[in-house]
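Student: sequence below, structure please.
(one chain, ligands or ions: 1)
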Amino acid sequence: MTITVLRLGHRAHRDHRVTTHCALAARAFGADAFVFSGERDSSIILSVNDVVKRWGGPFDITYEFSWRRWLAARKKATIVHLTMYGRELEESIPKIRKIKGDLIIIVGGEKVPREVYELADYNVSVTLQPHSEVASIAVFLDRYFKGKELTKTFHKPELRIVPQDSGKEVEEVKSE
Ligand code: SAM
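Tutor: Okay, the predicted model is just below:
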């Protein structure tokens, strides 16, 4: 079973940071992969792959020109669309946790086509207030994994943080 976050409507100039942060939040909070659609932007793939190289994987990031075609090729997956207009998270999450197959979590950009609301198996809101795709990914995954993702370990990192109350320390990880 895999969890992929699909980000729609990327605009290369305006959304560089937000789309990168969507991918980083997806990785850090336990998703396996990130796909973005909209304008092609290889710099996002480079920055996220650099994080994966330094801080560990596995985590896949790809650009998809046609999200419709990409979704059409994954008919067996369950589609969760994060939107302020969806059913409340607390109500949806117990049902979504029971799903055994692959999950695709869709987040939008400025305007989400109506068909996304129709094709989703679950439209899920993370509060009924407008906020951000990054926040919705993080809160959804945290509730989905019940906080267990907070201590997830990543494979073959080059760097590891030595957590501390005061100060800052990062150590290099020797490869075996
Ligand atoms: N009116 C939009 C909507 O449908 O939620 C807000 C657009 S917001 C700038 C971009 C994306 O953030 C949305 O497409 C959605 O994926 C996510 N988002 C924003 N607020 C959300 C909320 N309360 N619950 C779930 N997702 C949200």
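Student: what pLDDT does the residue in the chain that the ligand sits nearest to get?
Tutor: Using Cβ to the nearest ligand atom, residue 108 is the residue of the chain that sits closest to the ligand, at 2.5 Å. In short, each C-beta sits where N, CA and C put it, glycine included. With respect to pLDDT, residue 108 scores 97.
Student: that one - nearest residue in space that isn't next to it in sequence?
Tutor: Excluding the flanking residues, the one nearest residue 108 by Cβ to Cβ, 6 or more residues apart in numbering is residue 8, at 5.1 Å.
Student: what's around the one you found, how many residues?
Tutor: 21 (other Cβ atoms under 10 Å).
Student: where does it land in three-state SS?
Tutor: Three-state assignment for residue 8 (DSSP: H, G, I helix; E, B strand; the rest coil): strand.
Student: hang on, the earlier thing: the residue of the chain closest to the ligand and residue 132 touch, don't they?
Tutor: No: Residue 108 lies out of contact with residue 132 (Cβ atoms under 8 Å); the separation is 10.8 Å.
Student: which residue of the two possesses the greater neighbour count?
Tutor: Higher neighbour count among residue 108 and residue 132: residue 108, with 18 against 14, using other Cβ under 10 Å.
Student: for that one, phi and psi?
Tutor: phi -100, psi -180 (degrees, to the nearest 10).
Student: what do you get for residue 50?
Tutor: Dihedral angles (degrees, to the nearest 10) for residue 50: phi -70, psi -40.
Student: what does residue 154 give?
Tutor: phi -110, psi 150.
Student: distance-wise, check it relative to residue 21.
Tutor: Taking Cβ to Cβ, to the nearest Å as the measure, residue 154 falls 18 Å from residue 21.
Student: these two - which one has more neighbours?
Tutor: Using other Cβ under 10 Å, the more surrounded residue of residue 154 and residue 21 is residue 21, with 17 against 14.
Student: please identify which helix or strand holds that one.
Tutor: helix 16-28 (DSSP states H and E).
Student: near the ligand, anything from that helix?
Tutor: No: using Cβ under 6 Å from any ligand atom, helix 16-28 stays clear of the ligand, coming no nearer than 8.5 Å.
Student: other SSEs contacting the helix or strand containing residue 87?
Tutor: Secondary structure from DSSP H and E places residue 87 in strand 78-88. Packing contacts for strand 78-88, counted by 3 or more Cβ pairs under 8 Å, 6 or more residues apart in numbering; DSSP states H and E, involve helix 89-97, strand 103-107, helix 114-119, strand 122-125, helix 133-144.
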